[in-house]
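Undergrad: this one's structure only:
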C-alpha cells in the first residue's frame, strides 16, 4: 500500500503571531496594470480564492489571524474608523472623533445604522465590542494593544475612551481588523455570532472551506458593496489557486507565485496587482547571545548580503530594498535620509576586525514558514557572506512549529533566524510590538536605552515636527544598531480576473485592498 | 467463522483506540496547557483541567472518551470549541462519496481490464493495458491531478475545483467531483487490474480449466464461469485495501481539487495541535480499515464453498 503523501502547505501560524495591529498609512501607489476608471455597477457574484483558512478558524474577533477570516470579516462587519485607499482615516461607524488632551477621546456614533438582525447600532454596542479585547478574562490577541485604555463609557450617542497616557494614534488603533462593531448584550458581544453591520449578510460558512454572503439591502453606504453575492473559498495549494483563476472558478487570488506571473499574464484572463506596503522580510539575531551581542558583528552581517539581488530573486522584483528599517514607505515618518547599506564585503570585513575577529562562523535557521523563499534567501545570504570572511551555515528547519520553536529563540539554539512582518501604519505600533525592550515579540531581544526613551516620549509628543524628528532618530538607531536585518519590503501580489474592475487606487495597508475588495470592487 | 472474524475486528479496534489514546497521553504537557499556551496561569490551568476532566485517572478518562466515541460524541474541538462530530459529519460524507465514486469507476474498469488482459494474455491489448495502468500508478497523484486539470479543466470541460455544499444536487456533485474521482481511479486501477489478471492466469494452468477447455467451452466462458469464482478471494482483498486507501489516503487529491474531505481536516488538526480532532479522525480511519478488511474476509469466505461448508 502506498503511503499518503502530504504536500508542504502554506501554514498560517505567522498570522497569529504577527497580526497585532491592523492600521495603516498612506500608500499613493498604483498597481502597475490599472484599469481605466469606469462607473461602478451593481450585481454579480464575486468569488475569491484565498491561500489561507483552516477548519480551526474562529468567529471570535479576538482570535482572527489569517487573510481568509480577515476578508470574511470585511464582508459582514464595519469598524469605528476605516482606512481609506489613500491611507487617510475615513469615518465609518464613528461619524467623528475628537480629543482635547490626547488621553480622553470622544467618538460620535453614526445614527441610523442597523445590524443584519435589524437592531440599531448604539454606543453600548461599540463599548461592548471594544471591551471584548480588554479585561482579565479576554483572550484577544490585541489585548496588549489596548492595554493603555483605562475606561470605555457610552454617553448618549458618543463613546468616551480614556487612556492612561496621551496617545495621538488612538483613532488608528480603532481601525484594527480585530475590533469590528458587533451587537452587545449586557455589555458583551457574542463572539460566536456572525451578525454585523457590514455590507453583506452571511448565508452560510464552513471554516476552512468556503463562505457565502449576500448583499445587505439596508447597508448605510450607498456607494459601496457592489456585488450581489460574495463567495470566499479557501484554496491552500498555489497551483490549484492559479488554476481556479484561469478556469474562471474564482475572480481574485492572493499570494501569486512570482514564477507563474509571466504565464498568467500571457493567458490574458487576469491581471496582476502588485501593491507596495510596509510588509517586510527579515533575519533577527538574538542580541543577548555572542557573537550577536557585538554591534560590529551585526553590522558586518548587514553589509554582507545583497539586498538588490534578494528583491530580484526572492520577490521576483515585486518589492523594494529596505535599509534594515521596519518602518516602510507607506508610513508617515519614513526615513529616506539614512545612508543606504549596500552589499560591501570590505566594509563587512572592517566591522569584523573592529569586533576583533578575522572570520565569523554563524548558523541561520530558516524555513519557508517564515516567508516564502526564506530558505533560498538564507542560501543567497550564505553565498554573499563568504566574500566577507563570514561562514554562514544555513540550517533548514521544519515549517511545522517554526513560530513556536525557532522564532524568538525560545530554546536558545536558534539565535539567528528568519521572520516576516505585515505592515503597521503607525510607527509606534511597529516599534512597540517588536523593538521596545521587553516586548513579547522583540525578536532580537534588543534593548537600546536611547531608543526606549524616544519611543515613550514620541507617543505623547504633540508637536508634529519634534515627533517626526524622534521617529527619524529611532529609525536611524534601529537600522544601524538594531538586531534585525531587514533586506526587503515585499509587495502584496494578487491576481484579479479581467471581468472584475478595481478602483484606480488600491489600499496599501493590507492585502486585498485592505481586505475591502469585497466592498470597493465591482463587476466590469 | 464470520463471528470470530467480527470479534477479532472489534478487538483490533479496541487495541487501536488504546494506542491512539496512549499516544496523546505521551505528549509533553497536557491539553489544558496546550489550549492556554503562553497565557497559562496556575489558576486558569487548574480551572480548565477541572472543566476538561483532566484530573481523573487515565483509565477513567479513556473510558469516558471511548464511550463518548461509541455513541458518536467525540467531544469538542480544542481550537474553536465546536463539537467534533459536527466538524467531521459533512466531511466524512464527502470523503465516503468521493471514495465510492472513485470505486464505482475503478472497480469495474480494473475487473474488465484484468479479465480481458488474462484472456488475451501477451497480446498487444494486454501489454497496452498493463503499461497504461502502471504508468498511471507510477506518477505522483498530484501530477496526475494537474495533468487532468490541464487537459480537462483548462479546456472548460470540467471544473478545476470542487465547490459543493449540502444543497448541491447529486447530478452536480457527480459532475464537479469527476476530476478528483478520475485521478483516484487512475491511481488505484493498476493494483486491482494486475491482481485480477494474475489471479486468473494462475488458475488457467490448473487441471479443471484444462478439462473445461477440452470440453470445448469458449475462452470467455471458461474465465467468467470457471476461473473467476476461484480468483475472487484475492481480488476482493485487493479491492478492500484500495477502498480503505481511497478513504484514508487522499489528502493530496483533496488539496489539489479543494475538496472538503477528512484528510484536509486531519492535516489542519495536526498543524494546530487539535488533539481531540486528531484522535477522532484517527479512530475513524482505523475503523474504516478494520471494517473493510472484515467485509473482505467475510466476502471471500462466502465466495468459497470450501470455507463455508467445512467438514
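TA: Arrived safely. Here the structure is a predicted model, which means the values were calculated and not measured.

Undergrad: Give the buried residues for stretch A:102-111.
TA: By 16 or more other C-beta atoms under 10 Å in any protein chain shown, the buried positions in stretch A:102-111 come out as A:102, A:103, A:105, A:107, A:108, A:109, A:110. Every C-beta, even on glycine, is put in place using the N, C-alpha and C of the backbone.

Undergrad: Narrow these to those in strands?
TA: Under the assignment DSSP state E, those contribute A:105, A:107, A:108, A:109 to strands.

Undergrad: Looking at those, which one is closest to chain B?
TA: Nearest to chain B among these, counting by C-beta to the nearest C-beta, is residue A:105 at 28.1 Å.

Undergrad: Tell me which residue of the stretch 101-250 of chain B lies closest to chain A.
TA: Distance from chain A to each residue of the stretch 101-250 of chain B (C-beta to the nearest C-beta) is smallest for residue B:249, at 3.6 Å.

Undergrad: burial measure for that residue, as a count.
TA: By other C-beta atoms under 10 Å in any protein chain shown, 22 other residues sit near residue B:249.

Undergrad: so where's chain B uncertain?
TA: B:27-44, B:52, B:79, B:310-311 (pLDDT under 70).

Undergrad: you'd agree residue B:245 is up against residue B:188?
TA: Yes - at 6.7 Å, residue B:245 and residue B:188 qualify as touching, with contact defined as C-beta atoms under 8 Å.

Undergrad: In terms of neighbours, single out the busier of these two.
TA: More neighbours surround residue B:188 than the other of residue B:245 and residue B:188, with 29 against 22 (other C-beta under 10 Å).

Undergrad: How far away from the center of its chain is the helix or strand that one falls within?
TA: Here residue B:188 sits within helix B:178-204, counting by DSSP states H and E. Mean C-alpha position of helix B:178-204 versus that of the full chain (C-alpha atoms, centre = their mean, to the nearest Å) differs by 15 Å.

Undergrad: elements contacting it?
TA: Secondary-structure packing of helix B:178-204 (3 or more C-beta pairs under 8 Å, 6 or more residues apart in numbering or on different chains; DSSP states H and E): helix B:84-119, helix B:124-138, helix B:141-148, helix B:228-248, helix B:251-256.

Undergrad: If you count neighbours, what's buried in the helix or strand just after it?
TA: The helix or strand immediately downstream of helix B:178-204 is helix B:207-214, counting by DSSP H and E. Across helix B:207-214, burial judged by 16+ other C-beta under 10 Å covers B:209, B:212.

Undergrad: next SSE after helix B:207-214?
TA: Helix B:207-214 is succeeded, C-terminally, by helix B:219-221 (DSSP H and E).

Undergrad: quick one: contacts of that following helix?
TA: Outside helix B:219-221, the residues that touch it by C-beta atoms under 8 Å, 6 or more residues apart in numbering or on different chains are residue B:119.

Undergrad: rerun at 10 Å
TA: With contacts defined as C-beta atoms under 10 Å, 6 or more residues apart in numbering or on different chains, helix B:219-221 is touched by B:115, B:116, B:118, B:119, B:120, B:204, B:212, B:213, B:227.

Undergrad: I'd say the fifth one and residue B:130 touch.
TA: No - applying C-beta atoms under 10 Å as the test, residue B:120 and residue B:130 come out as separate, 11.5 Å apart.

Undergrad: For the stretch 51-200 of chain B, which residues are neighbours of chain A?
TA: Contact residues, the stretch 51-200 of chain B versus chain A (C-beta under 10 Å from any C-beta of the partner chain): B:77-82, B:87-88, B:90-91, B:94, B:137, B:140-142, B:145-146, B:149-150, B:153-156, B:158-167, B:187-188, B:191.

Undergrad: Smallest distance to chain B belongs to which residue of the stretch 251-400 of chain A?
TA: residue A:400 (6.2 Å).

Undergrad: Next, count neighbours for the closest residue to that residue other than its chain neighbours.
TA: The shortest distance from residue A:400 to any non-neighbouring residue, by C-beta to C-beta, 6 or more residues apart in numbering or on different chains, is to residue B:271 (6.2 Å). Residues lying near residue B:271 (other C-beta under 10 Å) number 17.
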